[in-house]
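Participant: Sequence and predicted model, in that order:
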Amino acid sequence: MIKRFFEWLLQPLGLVAVLITVITLFSLAVFGINLTQQAPEQPIQFTHKLHVGLGIQCLYCHPGALRGPSPGLPTQTKCWGCHQQIAKTSTSPKLAVLVDYVQNNKPIQWIPVSQVPDFVHFTHRPHIAAGVNCEECHGDMTKVEIAQNPQTMNMGWCLTCHIKKAGDDKEKLNKLADCGTCHY
Ligand code: HEC
Ligand code: HEC
Ligand code: HEC
Ligand code: HEC
Ligand code: HEC
C-alpha cells in the first residue's frame, strides 16, 4: 500500500499533488506569521504617528516607564484633556468612538502588542535610568500608525544588547548575562 502510494507520487500527477501540498503549507505558514505580526483590532484607532508628531512626550502617556516595570497604557482621562476641545468641532468617525467611551465612562481596553512571557523578569526602570531610549527597543514610533508586535523581544535580543552594553566591565557582564537576572 505504502509502496503503491510512493509509486503514485512519482508520476507526473503525483508530483503536481506534492507541489500543491508544499505550496499550500508554505503559504499557510507565511499567512500565520503575517497574522501574528498584524496590528490587533484596537478599541480605538489611535495612531502614534499623528500624536507623537504633535510633540506629545512618550512619558506623558506612558509615565510608568520611569517608575517601575510597566509604562502602562493611557486611560480616557489622558485623551480627554485634549479631545474635550477637539470633540466640539471634529467630525472624524474615529473620534466619535472616543467620545462614546468617555460619555459612557467605559474603560478603554487596549490590547497589548509587545510582551515577554511571564517567566521573564523585565522592568523598564533600570533601562531608562541607564539611558536606553524608547526607540532602541520599540523602534521609531513617529512612523507607526497602529502599533504591531515587533516579534524581536526574545532572549537573544536581550542578551545581545546586555553583552554590548557591558563592554569590558566583567562584573557588569556577569550580572547582565546571569540567568537569574532575567529568570527566577
Ligand atoms: C495633546 C493633545 C492630545 C492628546 C493628549 C490626545 N490627542 Fe488624539 N488628537 C489630537 C489632535 C490635535 C488630533 C487631530 C484632530 C483633527 O485632525 O481633527 C487628534 C486626533 C485623534 C484621532 C483621530 C485620528 C483620525 O485619523 O481621524 C483619534 C482617534 C485620537 N486622536 C485618539 C486619541 C486617544 C485615544 C488619545 C488618548 C490615548 C488621544 N487621542 C490623546 C490631540 C491629542
Ligand atoms: C497621546 C498618548 C500617547 C503618546 C504621546 C505615546 N503613546 Fe504609546 N500608546 C498609546 C496608546 C493609547 C497605546 C495603546 C494602543 C496601541 O497599542 O496602539 C500605546 C501603545 C504603545 C506601545 C505598544 C505597547 C503594547 O504592547 O501595547 C508602545 C511600544 C508605545 N506605545 C510606545 C510609545 C513611545 C516610544 C512613545 C513616544 C515616542 C509613545 N508611545 C507615545 C498612547 C500614546
Ligand atoms: C530595553 C528595552 C526597552 C526600552 C528602552 C523601553 N522598552 Fe517598553 N517594552 C520593552 C519590553 C521588553 C516590553 C514588554 C514588557 C512585558 O511584557 O512586560 C515593553 C512594553 C512596553 C509597553 C507596553 C505597555 C505595558 O505597560 O506593558 C509600552 C507602552 C512601552 N513599553 C513603552 C515604552 C516607552 C514609552 C519607553 C521609553 C520611555 C520604553 N518603552 C522603553 C522594552 C523596552
Ligand atoms: C538596547 C539594550 C537592552 C535591551 C534590548 C535589553 N536590555 Fe536589559 N539592560 C540594559 C542596560 C543598559 C541595563 C542597565 C545596566 C546597568 O546597570 O548599567 C539593563 C538592565 C537590566 C536589568 C536589571 C539588572 C540589574 O541591575 O539588576 C534586567 C532585569 C534586564 N535588563 C532585563 C532585560 C530583559 C529581560 C530584556 C529583554 C526582554 C532586556 N533587558 C533587554 C540594556 C538592554
Ligand atoms: C537578558 C535577559 C535574559 C537572560 C540573562 C537569560 N534569559 Fe532566558 N529568556 C529571556 C527571554 C526574554 C526569554 C523569552 C523569549 C524567548 O522565547 O526567547 C527567555 C526564554 C528562556 C527559556 C525558554 C525558551 C523557550 O523557547 O521557551 C529558557 C529555558 C531560558 N530562557 C533559559 C535561560 C538560561 C539557562 C539562562 C542563563 C544561561 C538565561 N535564560 C538567561 C531572557 C533572558
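Facilitator: Arrived safely. Numbers count the residues shown, from 1 in each chain. Ligands and ions are numbered 1, 2, ... in the order given.
Participant: Looking at the nearest residue in space to residue 139 that is not next to it in sequence now. What's its pLDDT?
Facilitator: Take residue 139 and drop its neighbours on the chain: the residue closest to it by CB to CB, 6 or more residues apart in numbering is residue 150, 6.4 Å away. C-beta coordinates here come from the backbone N, C-alpha and C atoms, glycine included. In this model, residue 150 is scored at 73, pLDDT.
Participant: Run a quick neighbour tally on residue 150.
Facilitator: The number of residues packed near residue 150 is 13, by other CB atoms under 10 Å.
Participant: For this protein, which segments are assigned as strands?
Facilitator: Under the criterion DSSP state E, the chain carries no strands.
Participant: What are the structural domain limits within the protein?
Facilitator: By the assignment in automatic domain parsing, the chain contains the domains 2-37, 74-109.
Participant: weakest of those domains in terms of mean pLDDT?
Facilitator: domain 2-37 (a mean of 56).
Participant: who touches the closest residue in space to residue 173 that isn't next to it in sequence in this structure?
Facilitator: Excluding the flanking residues, the one nearest residue 173 by CB to CB, 6+ apart is residue 166, at 3.9 Å. Contact partners of residue 166, counting by CB atoms under 8 Å, 6 or more residues apart in numbering, are 172-173, 175-177.
Participant: Can you get me a residue count around residue 62?
Facilitator: Neighbours of residue 62 (other CB under 10 Å): 17.
Participant: My guess is the residue nearest to residue 139 contacts residue 136. True?
Facilitator: No - checked against CB atoms under 8 Å, the pair residue 150 and residue 136 is beyond contact range at 12.0 Å.
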